[in-house]
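K.L.:
no sequence for this one, just the structure:
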């Protein structure tokens, strides 16, 4: 599956408190969470993000709280995938569990600039920066996680095993 | 080749004689927990699985603690989802207002987690229970849902980092200072995906409260779990509390570590983490002139009776600076009651502190002490991210309870020796 969108670039250690501040965690409604996505780090993000857009982060993306509301908010905002140098452990797990595509690639995270047009072949982890013409391949997922992703997340995976 | 304590607990719960770092294993869980933010999302996911019952109604803990007593209608609706689920599925360990506490202070105190257990929780600070010699780690709501249905979850066996802590800490130095020092040393992703094992004779001087604080903040270095090998003090803490049998594990002498770090605890002074990352640490003597508007003593990191005792010791006979709001929040109802019995509550209120029933509240900018733009707080909590305690242009400085109490008196960040 191909996705295409504009890159929104962020730095290292983007924590889940800035992805979705706790003051909005009195709801678990994805639409409402999406309205405040990235609010404390880029106040205009939620208004301007377009379906298909891609978030590009640095090291340790999604660190801090275990709130699944963070990948839920990103997904509900229309973001098609997150590319980062590295992901914090719980965010990594949560994203796969809820079916938000994530890719680890230091080269892509460095080579993609804000507003670049980026195309990603999801099942292959091929990342193409259309603006610069550079191509990258994300780190491959272990076989077990590929099964989880193919099942559409953990809930479907558990259901299929029952 | 030997195994670490973390590897041994994981192997035992995977039904294997040995595991190695990097291996993906399915493990049986002894306890699954969630709170008023994460459990409602897990309950919705659980319903999608279509399970008729939970795997074991005694091995699930639901603790409404983040926004409770409910701060608004939306928060109340979230707890209602938990309460109904607990009733419908006969969840034994649902902790209602009046008998609750901050989850990571409450569950070990109730004896629901013991040495050798494997615990997963939909809260990043689930790593706290490593202080008992258990493997515990934070996950998300979907993992919680799957574990509530199956009693299992998948885990990648982490590499272990060993921190050998030696020497006697000086007067105002606590577990919090040791952990802030370590986070400052290795960074907020210095233990990413790894187990942090803490050993050394410094633990002869570290109370269980200190140990819980240390393991609690393993996540602040990116760690999967923090763990301290159990000793006599651990056994003493568990005796009279433990609701099930415990197993004491220890790392083998030939266990393999990704890295080994030596720390002379006797050389440490109280530490302060500056905004906006827990790794931005400095000794309090080098804090400079930082005025504060608020001081918070509490949270799953430092809301235990020992924390309240030392804060009271610093504050007794003094007054909170008139420019500072001091908020003290005991971790559980039992600690609250103990603080009343010992006269701590009275001394704190007389000093000018607000003294609240248990809640995570201000730690995550939930309620009970939100900061306005441009305001600064010193807090015994665990995170100082942008907007963590309120307005995105506010600041949080992390410290131990003695420094927070002293700073509340001085109106700026100081060592207790300075007041």
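P.N.:
Ah, there it is. Note that this is a predicted model, so its numbers are computed, not measured.
K.L.:
alpha carbons only for contacts and neighbour counts from here, please
P.N.:
Will do.
K.L.:
ok, the closest residue to residue A:145 other than its chain neighbours - how many residues close by?
P.N.:
Closest residue to residue A:145 apart from its sequence neighbours, by Cα to Cα, 6 or more residues apart in numbering or on different chains: residue A:96 at 7.9 Å. Using other Cα atoms under 10 Å in any protein chain shown, the number of residues around residue A:96 comes to 19.
K.L.:
check residue A:144 too.
P.N.:
Neighbours around residue A:144, by other Cα under 10 Å: 11.
K.L.:
then the one 3 residues further on?
P.N.:
As a burial measure, the neighbour count of residue A:147 was computed by other Cα under 10 Å and equals 14.
K.L.:
A strand includes it, no?
P.N.:
No. Read with DSSP: H, G, I helix; E, B strand; the rest coil, residue A:147 is helix and lies in no strand.
K.L.:
now do it, the pLDDT please.
P.N.:
Per-residue confidence (pLDDT) for residue A:147: 88.
K.L.:
so who does it touch?
P.N.:
Residues near residue A:147 by Cα atoms under 8 Å, 6 or more residues apart in numbering or on different chains: residue A:157.
K.L.:
state the distance from it to residue B:25.
P.N.:
15 Å (Cα to Cα, to the nearest Å).
K.L.:
okay but the residue nearest to residue A:145 is in contact with residue A:149, surely?
P.N.:
Yes. Assessed by Cα atoms under 8 Å, residue A:96 is found in contact with residue A:149 at 6.3 Å.
K.L.:
pLDDT wise, what is residue 84 at?
P.N.:
Just going to use chain A. pLDDT for residue A:84: 98.
K.L.:
try again with chain B
P.N.:
Looking at residue B:84, the pLDDT reads 98.
K.L.:
check residue B:325 too.
P.N.:
At residue B:325, the model reports a pLDDT of 98.
K.L.:
near chain B, which residues of chain A are found?
P.N.:
A:13, A:15, A:17-18, A:21-23, A:25-28, A:40, A:60, A:63-68, A:88-91, A:93-94, A:97-98, A:154-156, A:158-159 (Cα under 8 Å from any Cα of the partner chain).
K.L.:
6 Å instead, please
P.N.:
Within chain A, the positions adjacent to chain B are A:23, A:26, A:40, A:65-66, A:68, A:89-90, A:94, A:159 by Cα under 6 Å from any Cα of the partner chain.
K.L.:
isn't there a helix covering the residue nearest to residue A:145?
P.N.:
Yes. Using three-state DSSP, the secondary structure at residue A:96 is a helix.
K.L.:
from residue B:297, how far out is it?
P.N.:
In this view, residue A:96 and residue B:297 are 36 Å apart by Cα to Cα.
K.L.:
if you count neighbours, what's buried in the longest helix along chain B?
P.N.:
The helix that spans the most residues within chain B, counting by DSSP state H, is helix B:73-88. Judged by neighbour count using 16 or more other Cα atoms under 10 Å in any protein chain shown, the buried positions of helix B:73-88 are B:75-79, B:81-83, B:85-86.
K.L.:
next secondary structure after it?
P.N.:
Using DSSP states H and E, the helix or strand that follows helix B:73-88 in sequence is strand B:93-94.
K.L.:
okay, now the sheet partners of that next one, with direction.
P.N.:
strand B:60-63 (parallel) (DSSP bridges).
K.L.:
contacts for the partner strand?
P.N.:
B:31-35, B:93-95, B:103 (Cα atoms under 6 Å, 6 or more residues apart in numbering or on different chains).
K.L.:
mind redoing it with 7 Å?
P.N.:
B:31-36, B:91, B:93-95, B:100, B:103 (Cα atoms under 7 Å, 6 or more residues apart in numbering or on different chains).
K.L.:
pop the domain breakdown of chain B in here.
P.N.:
B:5-263, B:275-418 (automatic domain parsing).
K.L.:
residues contacting the helix or strand where residue B:405 lies, please?
P.N.:
Using DSSP H and E, residue B:405 falls within helix B:401-410. Taking contacts as Cα under 7 Å, 6+ apart, the residues outside helix B:401-410 that touch it are B:172, B:295, B:297, B:307, B:310-311, B:314-315, B:319-321, B:324, B:326, B:378-380, B:413-416, B:419.
K.L.:
show me the residues you listed that map onto strands.
P.N.:
Using DSSP state E, B:295, B:297, B:326, B:378-379 are the members of those that sit in strands.
K.L.:
wait, doesn't residue A:103 sit right on residue A:82?
P.N.:
Yes. In this structure, residue A:103 is within contact of residue A:82 by Cα atoms under 7 Å, at 6.3 Å.
K.L.:
tally up the residues packed near the residue in the stretch 101-250 of chain B positioned nearest to chain A, please.
P.N.:
Relative to chain A, the nearest point of the stretch 101-250 of chain B is residue B:124 (4.8 Å; Cα to the nearest Cα). When neighbours are defined as other Cα under 10 Å, residue B:124 has 25 of them.
K.L.:
check contacts around it.
P.N.:
Applying Cα under 7 Å, 6+ apart, we find residue B:124 in contact with A:65-66, B:138-139, B:219.
K.L.:
so which of the residues you listed is the most crowded?
P.N.:
Most surrounded of the contacts of residue B:124: other Cα under 10 Å gives residue B:219, at 35 neighbours.
K.L.:
follow-up on the earlier one: and the buried ones among the contacts of helix B:401-410, selectable in PyMOL?
P.N.:
Buried subset of the contacts of helix B:401-410, written as a PyMOL selection, criterion 16+ other Cα under 10 Å:
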select buried, chain B and resi 172+295+297+307+310+311+314+315+319+320+321+324+326+378+379+380+413+414+415+416
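K.L.:
shouldn't residue B:196 be in contact with residue B:159?
P.N.:
No. Contact between residue B:196 and residue B:159 fails when scored by Cα under 7 Å: they sit 8.9 Å apart.
K.L.:
who has more neighbours out of the two?
P.N.:
residue B:196 (29 against 22).
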